[in-house]
Every structure is written in structure tokens, then in C-alpha cells.
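Trainee: Below: sequence and its predicted model.
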Amino acid sequence: MDVEIKTVNRKPIAYVRHIGPYEKCETAWNGLCAWAAPKGLLNEHTEMFGIGYDDPAQTPAQELRYDACITLDTTPEVKGNVKLGELPAGEYATKLHSGPYEELGQSWTTFFHTELPQSGHEYDQQRPSFEQYLNDPSTTPPQDLKTILFIPVK
């Protein structure tokens, strides 16, 4: 078990909401990046996160909510589907997922139902869980993708 507890500071973000199957969130990412790139908001300091608000085992796929997010160093003007928000601060149990995004669902299931309980930490339902994408899926082979999973804990 490779669960680690990390403190996350509040992070200002821009995001685009996707409603539907988590596997279909690429449209949200395309819209967010198309808005951010001309503004110079995608740089070496930009962090990319995905916030999934719903458990796909309990919520119908067409109702799943997901925010494609980038961190911000400034407060840009937004319009259309792009919104401003913040990644909630606090303590999080974390685990590294290595491999294709198609295998993230299984990693989340194992993390939530086996590894988190075994770690002795309790899930904090007041904050959402999220993912941090460490490399670019357009230039990284799927087997080499790195994603950190974050579960809020009390």
C-alpha cells in the first residue's frame, strides 16, 4: 500500500464542467485548453486537475459531474463554459496511479474501498476527491502516464 497523507494549499483554478461519463471528459479539456492557451495560462507552472464529484457505482453515467481544471497565477477574465474556482485546501490521502487513464476507475475503487480504510484515515465527504495529471497524454504513451489520486481525509 502506497498511501501518503499530504497537505494541499488552496489553489485558484479555472475549470470547465463536464456532465456525463467520466471517460468522455476530453471535450471539457479541449475547451479549457483552447481558452487558456492564447492567454498564456498554460506554462511550466500550470498544474492540471480533474475533480470527479460523483461515484459512478451510485450515479448514472449521464449524470456524473467532472471539472477539468488548471491552476492560475493570475485572475483572468472568463466567459462561456469557463468558470473560476478553487481547489479545496486540507489533508488528503494520495496514491500514484501509473498507466492508462482507462485503468483509473479500478485504481479509485481499490484506493477508496481497500487502501484508505487500511491506512486508518477517514474520508471527509465535505470536500471532493480529485486527480492531478503529471504528464501530457498527447505526448506520453498511455503506459507511462502518471496521475496522483487525492481523497480528502479528516
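Mentor: Received the coordinates, thanks. Numbering: from 1, shown residues only.
Trainee: end-to-end on stretch 3-19?
Mentor: Its start and end residues considered, stretch 3-19 measures 29 Å (C-alpha to C-alpha, to the nearest Å).
Trainee: Give me the distance from it to the chain's centre.
Mentor: The chain centroid and the centroid of stretch 3-19 are separated by 6 Å, computed with C-alpha atoms, centre = their mean, to the nearest Å.
Trainee: can you pull the buried residues of it?
Mentor: 3, 8, 11, 13, 14, 15, 16, 17, 18 (16 or more other C-beta atoms under 10 Å). Placement of C-beta: from N, CA and C, glycine included.
Trainee: remind me which residues of this protein are low pLDDT?
Mentor: Within the chain, the stretches with pLDDT under 70 are 1.
Trainee: Geometric centre of it: which residue is closest?
Mentor: Compute the mean C-alpha point of the chain, and by C-alpha atoms, centre = their mean the closest residue is residue 50, 2.2 Å away.
Trainee: Show me what the longest helix seen in the chain packs onto, helices and strands only.
Mentor: In terms of residue count, the longest helix belonging to the chain (DSSP state H) is helix 26-36. Under the contact definition 3 or more C-beta pairs under 8 Å, 6 or more residues apart in numbering; DSSP states H and E, helix 26-36 sits against strand 11-19, strand 65-71, strand 82-87.
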